[in-house]
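> coordinates for the following, if possible.
(2 chains, ligands or ions: 6)
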Amino acid sequence: MTDPAIRLAGATIGYGDVAIVRDADLTVRRGEAVAVLGSNGSGKTTLSRGLLGLATVLGGTVEVLGAPVGRLRERGRVGYVPQRHTVSGAMPATVREVVGVGRLPRLGLFGRPGARDRAAVAEAVEAVGLADRLADPVAALSGGQQRRVLVARALAAEPELLVMDEPTAGVDAASQAALADVLARVSAAGTTLLVVTHETGPLAGVLTRAVVVDSGRLTYDGPLAGAGTAGPDCHHPDEAARPPVRGYRLDQPRPAPDAVRLRHGSR
Amino acid sequence: MELLEYGFMQRALLASLMVGLVAPAVGVFLVQRRLSLLGDGLGHVALTGVGVGVLTSSAPVGTALVAAVLGAVLIELVRARGRTSGDVALAVLFYGGIAGGVVLLSLAPRGQATNLDAYLFGAITTTTAADVAVFAVISGVVLAVVWLLGRRLYAVSDDEEYARAVGLPVLPLNIVLAALVASTVVLSMRVVGLLLISALMILPSAVAQLVGRSFRSTLYLACGVGVVVSVAGTAGSYYTGTPSGGTIVLLAIALFLVVTAGVALRDATARRRHGRQVEVHAAHPHEHGEGCGHRPVPHGDHVDYDHDGHLHAPHRTGTGTHYDEHDGSAHPPAAVVPPVGRERP
Ligand SMILES: Nc1ncnc2c1ncn2[C@@H]1O[C@H](COP(=O)(O)OP(=O)(O)OP(=O)(O)O)[C@@H](O)[C@H]1O
Ligand SMILES: [Mg+2]
Ligand SMILES: [Zn+2]
Ligand SMILES: [Zn+2]
Ligand SMILES: [Zn+2]
Ligand SMILES: [Zn+2]
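Numbering: from 1, shown residues only, chains lettered A, B, ... in the order given. Ligands and ions are numbered 1, 2, ... in the order given. Now for the predicted structure:
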């Protein structure tokens, strides 16, 4: 249990032989709650997919829960909420069935779900506020509700490491707050959280550390609050005292690199 | 029942019963994976197996099974490598399989039973007692595997990426599914023929998909539909003197059209009823919303507005905001509040 939850050392992650995330160093201890921030296309999803063995590790070390990624990890220890927005199966399936998939890795090769598994599924669905829709077909739910079903699927696994790619996208404020409560509970129970997000507001109480990805490089690693304010465009009086990290503004899209350089030059 | 007096018809009906049950039980996973034509590709490959069987004078059912399973494993490995798209791999199977079969069968010595038509379109009345026994074993194995691994096959078919991320054995499960398809292909060979096999896997699933609510109920329904069309088609073909395979498939298509029409009619009725609700309050002075002056009433996943003694549930439609009447006690069935662009109950 002393292994870090995530360890990247000089890691390069990409698709095919195209490197997207380059030379990343990151260690996340057990129980930490980390936000991954960055503009569209910066490589946040690629980074999280690399941790799950869904993107290719092209160099360096990527270890998850103490084992190199790709090695068939012990089942049921990792939960994942993909960025894809909705549930898409061609056949009808109920909320219970989709969330039930989250339990499968824990059941071994032939195990059938027992009372404990059914309870975990019901709990997870309850946690995302869809308890009354348990037996409804997912196709009849709205986009935001389907997102929450996918969150419940990851929660149902009761994982040690929970990787979520924009779990709050398209989810209304009340449900975001509810999700924050759930994540706080899960985090308090010792689960490591890695949450890719564009809106840290609702989850600010849960996520303590932030990593900023910018064009495939990790440019900031520190307290979440710092990630929100530090930056070249942020004229804080204490700016000069800050370490020269390139920061990230949460409330505004990052200007194109040229624009940044221009402004720096004129300053 | 006159047709039950004949031994060949008894065997034919038994075979069609097994095929009708097994083909959709495997087919639902293919439909879920959007790989409906895998069965077709493996059917073509099985023809090469038949050719080998005829040439070497061994049982064509056995050699077809071996060829189809090998083809199935091969295609999954090719897909897993990710170099060739599933599409291209399927095309290679299609044409390689059928070409190999035709060439091998043409090489068979004269006088041997090399009726290509029988394999391509089915010849159910030629089912021997030994065939029935083999079919029973295949059916038992396929159904047992589906029963054992159904949830995992569902998980992999539904969201392969998620399954891989959480450590389910994706490649082995894919290979198992492909092997199940291969077995089903061979099982269905006599009844519907290698060219129509896919239809019996896909069409019952397509029918069940229209009315099912859960994956489980859809699977059972598909099996039910499969048994009905398969047995009815076989029996019908006895009276009409038409080939069983084509008869079964046409029956399944007819059922599909009827159910599609029925569902469309039901949706239209629901929409009309839904549309009528708005006529009562066609003219709304404003869009209800925060601070519009009407009391907001949280209701499940949305907010209703208390307006002149009834509750309005605003929701967006293609033409603007539409108000449903919610009485606060019962939530409307899913049919009334469908996800945008997919009005389905
Ligand atoms: N499957 C893929 N194959 C090749 N390149 C890809 C693939 N997926 C993403 N990329 C590329 O990788 C880069 C980073 O994409 P990624 O999805 O990681 O961004 P992101 O930070 O998650 O963005 P967003 O905020 O929009 O989700 C993009 O330039 C994209 O074009
Ligand atoms: Mg992303
Ligand atoms: Zn009104
Ligand atoms: Zn109002
Ligand atoms: Zn309502
Ligand atoms: Zn309406």
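> can you show me the strands along the stretch 201-345 of chain B?
B:295-299, B:302-307, B:310-317, B:320-326 (DSSP state E, counting those that start in this stretch).
> and ligand 6, which of those strands is closest to it?
strand B:320-326 (3.7 Å; C-beta to the ion). Any C-beta I mention is one placed from the backbone N, CA and C, and that applies to glycine too.
> give the rounded mean pLDDT of that closest one.
Averaging pLDDT along strand B:320-326 gives 68.
> what sits against whatever residue of the stretch 51-200 of chain B ends up closest to ligand 6?
In the stretch 51-200 of chain B, the residue that lies nearest ligand 6 is B:Asp158 (30.2 Å; C-beta to the ion). The contact partners of B:Asp158, by C-beta atoms under 8 Å, 6 or more residues apart in numbering or on different chains, come to A:89, A:93, A:98, A:101, B:32.
> just the ones of those residues in strands?
If you go by DSSP state E, these have nothing in strands.
> closest to A:Ala119 among the residues you listed?
Comparing these against A:Ala119 with C-beta to C-beta places A:Val101 closest, at 16.1 Å.
> how about the strands of the stretch 201-345 of chain B, which one is nearest A:Gly79?
Across these, A:Gly79 has its closest neighbour in strand B:302-307 (28.4 Å, C-beta to C-beta).
> buried residues in that closest one, which are they?
Using 16 or more other C-beta atoms under 10 Å in any protein chain shown as the burial criterion, the residues of strand B:302-307 that qualify are B:302-305, B:307.
> CSV please, covering these and showing pLDDT and distance to chain A.
Listed next are these as CSV, based on pLDDT from 0 to 100; distance: C-beta to the nearest C-beta, whole Å:
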residue, pLDDT, distance to chain A
B:His302, 75, 9
B:Val303, 78, 10
B:Asp304, 79, 15
B:Tyr305, 79, 17
B:His307, 73, 22
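> list just the nearest of the residues you listed to ligand 5.
Using C-beta to the ion, the buried residues of strand B:302-307 come closest to ligand 5 at B:Asp304, 4.2 Å.
> look at A:Leu193 and report its pLDDT.
pLDDT, A:Leu193: 90.
> am I right that B:Val231 is in contact with B:Leu13?
Yes. The criterion here is C-beta atoms under 8 Å, and B:Val231 meets it with B:Leu13 at 6.1 Å.
> quick check: neighbours shared by the two?
Going by C-beta under 8 Å, 6+ apart, no residue sits against B:Val231 while also sitting against B:Leu13.
> ranges for the helices of the chain?
As the question left the chain open, I've gone with chain A. A:44-51, A:95-100, A:115-127, A:143-156, A:173-188, A:224-229, A:257-266 (DSSP state H).
> could you do chain B instead?
Residue ranges of the helices in chain B, as given by DSSP H, are B:7-33, B:38-55, B:60-81, B:86-107, B:116-121, B:129-158, B:160-165, B:170-192, B:197-211, B:215-240, B:244-280.
> got the angle for the first one vs helix B:244-280?
Counting by axes from the mean of the first three to the mean of the last three C-alpha atoms, to 10 degrees, helix B:7-33 points 40 degrees away from the direction of helix B:244-280.
> which strands or helices does helix B:7-33 pack on?
helix B:38-55, helix B:129-158, helix B:170-192, helix B:197-211, helix B:215-240, helix B:244-280 (3 or more C-beta pairs under 8 Å, 6 or more residues apart in numbering or on different chains; DSSP states H and E).
> so is the shortest one next to chain A?
Translated: helix B:197-211. Yes. With C-beta under 8 Å from any C-beta of the partner chain as the criterion, chain A is reached by helix B:197-211 at B:205, B:209.
> may I see the buried residues of stretch B:93-102?
Within stretch B:93-102, the residues that count as buried by 16+ other C-beta under 10 Å are B:93-94, B:97-98, B:100-101.
> for stretch B:60-80, the averaged confidence score.
Stretch B:60-80 shows a mean pLDDT of 85 in the predicted model.
> typed the wrong thing, it's stretch B:9-16
Mean per-residue pLDDT for stretch B:9-16: 89.
> in it, which residues are buried?
For stretch B:9-16, by 16+ other C-beta under 10 Å, it's B:9, B:11-16.
> now the helices of chain A in a markdown table, with distance to B:Arg164, mean pLDDT and mean neighbour count?
Below are the helices of chain A laid out as a markdown table (distance: least, C-beta to C-beta, whole Å; pLDDT from 0 to 100; neighbours: other C-beta atoms under 10 Å in any protein chain shown):
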| stretch | distance to B:Arg164 | mean pLDDT | mean neighbour count |
| --- | --- | --- | --- |
| helix A:44-51 | 10 | 89 | 25 |
| helix A:95-100 | 17 | 90 | 25 |
| helix A:115-127 | 21 | 88 | 17 |
| helix A:143-156 | 14 | 86 | 25 |
| helix A:173-188 | 23 | 83 | 17 |
| helix A:224-229 | 30 | 63 | 19 |
| helix A:257-266 | 34 | 40 | 10 |
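> cool, thanks, signing off.
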